[in-house]
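Trainee: Everything below, folded, please.
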Amino acid sequence: MDTGTWVTLISLGVTFLFMLGVPVLLVIGYWVIGCSFVLGLTLDNMGAELLNVFNKGFALLAMPLFILTGDLINQSGIARRLSDFAYACLGWMRGGLAMASLGACGLFAAISGSNSATTATIGSMLHPEMVKGGYDERFSAATAAAGGTVGIIIPPSIIFIVYGFLMNLPISDLFVAGILPGAMMVIGMQLACWIICRRNGWGFLIPLQLNRVLKTAFGAWLGFFAIGLVLWGIYTGKFSPTEAAGVTVGFCVIAGVLSWLVTKLTGARSDKTWEEKSYAEMLVVEGFTIPQIPSIVVRSAQITGILAPLIAISVVMQQILSLLGAQQTIGDFVTSMGGYHAVLFTSMVIVFFSGMVLESLPVTIILAPILAPIAASVGVDPIHFSVIFLVGASIGFITPPYGLNLYVASGVTGVPYFRLLRYTVPYLAALIGVWVLVSLVPDFALVLLPNK
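Mentor: Predicted structure coming up:
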């Protein structure tokens, strides 16, 4: 058999494995190894490429550190304080708690950089409260899933780190470019949420109290400080994204341990409501002990252990795709569509449908090296295209049949996967609307960049 037949058979085989539920890392790994043998590439080549990724991938160190940051913030109670503040600001509106959960997703994403961590954390905290507050449980779970989409757009974003590494773009610029589109995604989903809740009469209203807003904002100061620390350091160039991740981890560890010590020394109770706590008590969170830190690190390492090998294998995968001429074929097809807007629209369609069946990481690994140079050739700014690409990939988190966030939300809320789908439609419409706006108006992504 010729090379094309062998590659086709291998591709069909791994597709079948993927449909059976085999992890994406193994699926891509099997494909890379099989195609390497067919093309005559030695295992030495693969080993050298994998080693090269980690030897030269200093920027990739930010990925496990930001994952660890998310776990530390969740364990310490800072995430809960951020959600309490969002509810104090929005609870007076119809659907206020659901809108607050979306706002809390945005705040949590600004520290963790992960979609699944955002969905799991906010979903597990606020889904029970939303059900008690009169919301449909399916809508509540779908809201947590939709809110998690901003986890890879609002900086610091793990997937932006991967994209910058693959495309050799400054990660700090990618982070800044994601700020405004990420905020637009949150506001767009909140608008859709308000319309649905008003139509169905969901949610109990709470009065807008200035004291509650101020006290919960005061109580969330550690979260705001962590967000400001990351954005200030990267935007001003005081430290790189990797250094920002290290600084934030250090801050979260110190804040968590000191808060636990203060809580124990003062005898403060964590079950008090915001009304019962004084401003001084709101200064500290529940925190965690030093012996708890290893278990938190292990939890983060389990996620990193899945992502890091996948990124390394992707380098060899790109090499194989180049030898097979796949990049040239897809490139010729997209280029044949015409000029600027036609190439942009075609790229968006490809990313959207790919995101329906693949997670954002393999979508980025496979398609970004193919589509980004084509977009640049017709005049699309590389930073602008990165935002377009990843906003489209994030929509795939709530788009069946894959819809990773839907699976995560289903797992943490107990609502069956297929019962969520109906309630994701308004959020999908809002996100696609924002996506189109960002693609048509480059300034939404570029306006905050000092050199644009």
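Trainee: quick one, helices of the stretch 301-450 of the chain?
Mentor: Applying DSSP state H, counting those that start in this stretch to the stretch 301-450 of the chain gives helices spanning 326-335, 340-355, 360-377, 382-395, 404-413, 417-440, 443-446.
Trainee: In terms of mean pLDDT, which of the ones you listed ranks lowest?
Mentor: Taking each of the helices of the stretch 301-450 of the chain in turn, the lowest mean pLDDT turns up on helix 326-335, with a mean of 76.
Trainee: residue ranges with poor pLDDT in the stretch 201-350 of the chain?
Mentor: Scanning the stretch 201-350 of the chain with the threshold set as pLDDT under 70 gives 268-271, 274, 303, 306-308, 310-311, 327.
Trainee: and if we set it to 90?
Mentor: 201-213, 216, 218-220, 223, 226-248, 259-260, 262-287, 289, 296-343 (pLDDT under 90).
Trainee: which one of the helices of the stretch 301-450 of the chain is the most hemmed in?
Mentor: helix 382-395 (a mean of 25; mean count of other CB atoms under 10 Å). C-betas here are computed from N, CA, C, even on glycine.
Trainee: which helices and strands sit right next to it?
Mentor: helix 158-167, helix 171-177, helix 179-200, helix 340-355, helix 360-377, helix 417-440, helix 443-446 (3 or more CB pairs under 8 Å, 6 or more residues apart in numbering; DSSP states H and E).
Trainee: Quick check: next helix or strand after the third one?
Mentor: Reading on from helix 179-200 to the C-terminus, the next helix or strand found by DSSP states H and E is helix 210-219.
Trainee: What lies in contact with that following helix?
Mentor: Here helix 210-219 makes contact (CB atoms under 8 Å, 6 or more residues apart in numbering) with 81, 84-85, 87-89, 224, 274, 277, 279, 282-283, 285.
Trainee: Please pick the buried ones from those.
Mentor: For the contacts of helix 210-219, a burial check counting by 16 or more other CB atoms under 10 Å picks out 81, 84-85, 87-89, 224, 274, 277, 282, 285.
Trainee: May I see those residues arranged in CSV, with secondary structure and distance to Gly267 as well?
Mentor: Below are the buried ones among the contacts of helix 210-219 laid out as CSV (DSSP: H, G, I helix; E, B strand; the rest coil; distance: CB to CB, whole Å):
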residue, secondary structure, distance to Gly267
Arg81, helix, 20
Asp84, helix, 22
Phe85, helix, 25
Tyr87, helix, 27
Ala88, helix, 26
Cys89, helix, 31
Phe224, helix, 27
Trp274, coil, 19
Lys277, coil, 13
Met282, helix, 16
Val285, coil, 16
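Trainee: Farthest-apart pair in these, please.
Mentor: Cys89 and Val285 (19.2 Å; CB to CB).
Trainee: residue ranges of the helices in the stretch 1-150 of the chain, please?
Mentor: Under DSSP H, counting those that start in this stretch, the stretch 1-150 of the chain gives helices at 3-19, 24-39, 43-56, 62-76, 78-90, 96-112, 115-132, 137-147.
Trainee: what's the offset of the last one from the middle of its chain?
Mentor: In other words, helix 137-147. Here helix 137-147 shows a centroid-to-chain-centroid distance of 16 Å under the convention CA atoms, centre = their mean, to the nearest Å.
Trainee: 45 is where my numbering starts, stick with that
Mentor: In the new count, where the first residue is 45, that last one comes out as helix 181-191.
Trainee: Which neighbouring elements make contact with it?
Mentor: For helix 181-191, the packing partners by 3+ CB pairs under 8 Å, 6+ apart are helix 140-156, helix 159-176, helix 223-244, helix 448-457, helix 461-484.
Trainee: Can I get those helices in JSON lines including distance to Tyr279?
Mentor: Formatted as JSON lines, those follow (distance: least, CB to CB, whole Å):
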{"stretch": "helix 140-156", "distance to Tyr279": "13"}
{"stretch": "helix 159-176", "distance to Tyr279": "22"}
{"stretch": "helix 223-244", "distance to Tyr279": "9"}
{"stretch": "helix 448-457", "distance to Tyr279": "28"}
{"stretch": "helix 461-484", "distance to Tyr279": "20"}
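Trainee: Of all these, which one is nearest Leu492?
Mentor: Minimum separation from Leu492 across those (CB to CB) falls at helix 223-244, 5.9 Å.
Trainee: Just the buried residues of that closest one, please?
Mentor: By 16+ other CB under 10 Å, the buried positions in helix 223-244 come out as 223-234, 236-238, 240-241.
Trainee: Where does pLDDT dip in the stretch 45-194 of the chain?
Mentor: Residues of the stretch 45-194 of the chain that meet the cut-off, pLDDT under 90, sit at 45-56, 58-128, 130-141, 148-149, 151-178.
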